[in-house]
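S.K.: Sequence first, predicted model second:
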Amino acid sequence: MSNLTSLGYDDVNVGDELPELVVPLTATLITATAIATRDYQDVHHDRELAQAKGSPDIFMNILTSNGLVGRLVTDWAGPETELRKVAIRLGAPNYPGDTMTLTGKVTAKADGLVEVSVVGANKLGNHVTGTVTVALPGGAA
């Protein structure tokens, strides 16, 4: 649900919650996004080699997780949003056949910037947690 107009700095308040982003985790998504980010490690596209290394299946790479975190925020705030900082930490792996649900909440607003706390969870727990700092129209120069 992409927002065609951007939120302005004055439109956002601490405590605002972002709409959820639900991502079905398929083998195709995990493999294609790893290749698109030039991450050719076998654990992201070869089930047998991933299992030989102790994983039950292939799993999502950090670059894809990072991109989905950014998408959550820009889908909410709109196309004029400028991502200033994305700081994430990975937890439970994203395996095919599961679903990751990303949520976010505005946690700070100062000096023209907005900080959003983000969590992406699957059935194993939190896959990704972090914060995203953005500049919105009418805010930081």
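M.R.: Ah, there it is.
S.K.: Let me know the pLDDT of the spatially closest residue to residue 25 that is not a sequence neighbour.
M.R.: Excluding its sequence neighbours, the residue lying closest to residue 25 (CB to CB, 6 or more residues apart in numbering) is residue 98, at 4.8 Å. Every C-beta, even on glycine, is put in place using the N, C-alpha and C of the backbone. Looking at residue 98, its pLDDT is 98.
S.K.: correct me, but residue 98 touches residue 122?
M.R.: Yes. Between residue 98 and residue 122 a contact is recorded at 4.6 Å, counting by CB atoms under 8 Å.
S.K.: Just the helices from this protein, written as ranges.
M.R.: 27-36, 47-52, 62-77 (DSSP state H).
S.K.: and the longest one, what's its mean pLDDT?
M.R.: Within the predicted structure, the mean pLDDT of helix 62-77 is 97.
S.K.: Could you report the separation of the residue lying farthest from the centre of the chain from residue 98?
M.R.: Within the chain, residue 52 marks the point farthest from the mean C-alpha position, 28.3 Å out by CA atoms, centre = their mean. According to CB to CB, to the nearest Å, residue 52 stands 21 Å off from residue 98.
S.K.: neighbours around residue 125, how many?
M.R.: For residue 125, the count of nearby residues is 9 (other CB atoms under 10 Å).
S.K.: Not counting its neighbours along the chain, what's nearest the most centrally placed residue in the chain?
M.R.: Nearest to the mean C-alpha position of the chain, by CA atoms, centre = their mean, lies residue 69 at 1.7 Å. Nearest residue to residue 69, sequence neighbours excluded (CB to CB, 6+ apart): residue 118, at 5.2 Å.
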